[in-house]
Structures are given as C-alpha cells and as structure tokens.
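Student: here are the coordinates; sequence isn't available:
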C-alpha cells in the first residue's frame, strides 16, 4: 500500500470537509423539513430516519477530517505520525460512506411519495448515481 504524505492528507481532508459540509447541510435541511411536516406516512418516516443518518454521517466526517486537517497543518504543536491519523481517517471515511449511501437511498425513495412512475424514475437515478460513485471511488 502506498503511504500518503501528510501534505496530501491535509489537502484530502480539506476536500472531504467541503463536500461533507455541503451534503450534511442539505441532509439537515431535509431532516428539519420532514420534522415539521404534517404527513405521517411510513415512507416519510423512513426518509426522515435516513436523512438523520445521512446528517450524522456527514457531521462525523467533518469532525474527523478537521482533526486530520489540524494535525497535518504546518505549525501543529504536537508530533504527528501517519499511524496517528488512522482512527480519524477510518471514522471519517465510514461517516462519509454512511452519509452518501443514506442520501442516495433518500433520492431513490423520494419519488415513491408522489407516484409509482416518479418512484421508478428516482430509484433508477439513485442506482445509476451509486454505480458512478462506486466506479469513481475504486478507479
């Protein structure tokens, strides 16, 4: 496995923070809207739980990656070894994956609140997006 430099981890964590803040904000806004909604259907409750899970995943990523960003910035007062980044790195990646998968599931389920046709469309779009996400993450 290739060891990544601390400078690279600094830039990478910065990018994860940016993406997670944006997507987490979207998830939190969705959660807030569903909480004040008057509808009480089973599907909307599932979407609310997924939005909450997505928000928590992205917030976890922001906190974990901020830890990495701070520790890899010039002038950090403590000694840092790459192995010291393992815990926040794992927590940050897991949070990001949970957030993305939850958000894609929300996209897939959202159309089913309107009609069967819209549900099929949003499910297909969500699955295609998941495939592209996995391809881009692996390659």
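Tutor: Nice, I can see it. What you see is a predicted model, and the numbers here were worked out from it, not measured in a lab.
Student: what about the helices in the protein?
Tutor: Secondary structure of the chain (DSSP state H): helices at 6-36, 42-71, 86-110, 116-138.
Student: The shortest one - contacts with which helices or strands?
Tutor: The elements that helix 116-138 packs onto, with contact taken as 3 or more Cβ pairs under 8 Å, 6 or more residues apart in numbering; DSSP states H and E, are helix 86-110. (Each C-beta comes from the backbone N, C-alpha and C, glycine too.)
Student: go on, the second one?
Tutor: Using 3+ Cβ pairs under 8 Å, 6+ apart as the contact test, the elements touching helix 42-71 are helix 6-36, helix 86-110.
Student: between it and helix 116-138, how big is the angle?
Tutor: Relative orientation of helix 42-71 versus helix 116-138 (axes from the mean of the first three to the mean of the last three Cα atoms, to 10 degrees): 20 degrees.
Student: buried residues in helix 42-71?
Tutor: Neighbour-count burial for helix 42-71, counted by 16 or more other Cβ atoms under 10 Å, picks out 47-48, 50-62, 64-69, 71.
Student: out of everything not next to it in sequence, what's closest to residue 12?
Tutor: Of all residues beyond its chain neighbours, the one nearest residue 12 is residue 4 (7.5 Å), with distances taken as Cβ to Cβ, 6 or more residues apart in numbering.
Student: Thank you kindly, that will do.
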